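A.B. asks: What follows is a predicted protein model with its sequence.
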Amino acid sequence: MGCFSFFSRWGTEPPKGFLEFEDELSEVQNLRLYSYKDLRSATNDFSLANKIGEGGFGPVYRGRLRHGEDAAIKVLSAESQQGAREFLTEIKVIYDIEHENLAKLCGCCVEGNHRILVYDYFENNSLAHTLLGGGHNSIHFSWRTRSKICIGIARGLAYLHEEVHPHIVHRDIKASNILLDKDLTPKISDFGLAKLIPANMTHVSTRVAGTIGYLAPEYAIGGQLTRRADVYSFGVLLVEIVSGRCNTNSLLPLEEQYILERAWNLYERNVLVELVDTAMNGDFDAEEACKYLKIGLLCTQDNPKLRPSMSTVVKMLSGERRIDDSKVTKPGLISDFMDLKIRSNPDKSGRASLDQKNTSATTFSGFDNAEHSLLSSNTTSQSTMTFTEACDRNN
Ligand SMILES: Nc1ncnc2c1ncn2[C@@H]1O[C@H](COP(=O)(O)OP(=O)(O)OP(=O)(O)O)[C@@H](O)[C@H]1O
Ligand SMILES: [Mg+2]
């Protein structure tokens, strides 16, 4: 398993099935390619015991590579509708980007029909599993830890939005895409839906993709993608982290089911503190926790132009910048869609469940009828939805 220079790595014959990807992958400098044989042996023949999760892309295995390092090995399943396009996007977008808060893609395997991504392995799974997963884990998320996680995710996103050129919109920020390393440092993962925003553009129009509950309304309904769509998803996630609950919970009384509606109602009554996770047993800085919730509300405002940039969010969270309470306006909600999702697949805890088999992506016909498409899908509220991107255009 080595790191090859692209054109000379195969000697005379590239592996079967590789050529179709060659043009696109050739843009990626020094891409590390793993052989299927090595990955099979790293995962003990992709054994069930080594399986750590499954998403719309396919199963994910823990493996030990030849030099003893652990890796998360993500196998594109034959049935995956997310498919080869996301496989390529993931590699092209993230391969040469490194940041403390972004999951590192180590390389890939393209052999015959096999399409496999290899990442650094993160010991503490995802936020969906550990914080929102219904209490089946031993990690205690103190206020300090939550604050560190929120700031880390915000820094990772600010880096993608403002420091990388062209800027990157992730499009699928959600609890299951935030992995935690052994020190609970958050790592943003899954760049398969990411979009590059060319330097002189403010937005790209695109077919809609993402996860219901985290989707900014202007993007879900109009297909207009800006970095502020990620800011919206981050805002939802921020409120989830402070409250310890998933963005939708059909078991609660109607007015409490959607976390943003709930947060807005409590904010208007000046009792936001009621939303803070009781699992901390009151051991938190109430003023700071309410400030975080207000920042979540600022990020999810209906008008995308009013949402702060991610670098401003970092400053607000870390106390470098004050937030002006009077400026918070009502969050944008697509609760009609969420209502349908939840009713079609109730979840006992109302929290994100792991190993959902029903996270298969659903392909829709486009943003012109995005509303119809969303309503007619049968994905869950936590699944990534992939819409075909055949007529993406910049304008
Ligand atoms: N690098 C990693 N280290 C440790 N665990 C990982 C890693 N990557 C993925 N996982 C685990 O595998 C699970 C499945 O990941 P995957 O990204 O395929 O799907 P998902 O995010 O749960 O769903 P979706 O397909 O809707 O995005 C994750 O929730 C996580 O538990
Ligand atoms: Mg994921």
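C.D. replies: All right, it came through fine. Ligands and ions are numbered 1, 2, ... in the order given.

A.B. asks: going forward, measure contacts and count neighbours with C-alpha atoms only.
C.D. replies: Fine.

A.B. asks: So which residues on the protein come close to ligand 1?
C.D. replies: The chain comes close to ligand 1 at residues 52-58, 60, 72, 119-122, 125-126, 176-177, 190, 359, 383-384, as judged by Cα under 6 Å from any ligand atom.

A.B. asks: tell me which residues of stretch 145-163 are tucked away?
C.D. replies: Under the neighbour-count criterion of 16 or more other Cα atoms under 10 Å, stretch 145-163 has 146-162 buried.

A.B. asks: so E111 sits right up against S35, yeah?
C.D. replies: Yes. Using Cα atoms under 8 Å, E111 is in contact with S35, at 7.4 Å.

A.B. asks: Compare these two (neighbour count), which wins?
C.D. replies: More crowded of E111 and S35, by other Cα atoms under 10 Å: E111, with 19 against 16.

A.B. asks: mind checking how far the more buried one is from ligand 1?
C.D. replies: When distance is defined by Cα to the nearest ligand atom, to the nearest Å, E111 is 20 Å away from ligand 1.

A.B. asks: just I149 next, same as before
C.D. replies: Separation of I149 from ligand 1 (Cα to the nearest ligand atom) stands at 16 Å.

A.B. asks: Report the mean per-residue pLDDT for the one helix or strand R146 maps to.
C.D. replies: Taking DSSP states H and E as the definition, R146 sits inside helix 143-158. Model confidence over helix 143-158, given as mean pLDDT, is 98.

A.B. asks: Need the pLDDT of the residue of the stretch 201-350 of the chain found nearest ligand 1.
C.D. replies: Distance from ligand 1 to each residue of the stretch 201-350 of the chain (Cα to the nearest ligand atom) is smallest for T211, at 7.3 Å. Per-residue confidence (pLDDT) for T211: 79.

A.B. asks: tally of neighbours for it?
C.D. replies: Count around T211 with other Cα under 10 Å applied: 23.

A.B. asks: same check, this time on the one 4 residues further on
C.D. replies: For L215, the tally of surrounding residues (other Cα under 10 Å) stands at 27.

A.B. asks: Can you give me the distance of the closest residue in space to I149 that isn't next to it in sequence to R321?
C.D. replies: Using Cα to Cα, 6 or more residues apart in numbering and skipping the chain neighbours, the partner closest in space to I149 is P186 (5.6 Å). From P186 across to R321, the span is 22 Å (Cα to Cα, to the nearest Å).
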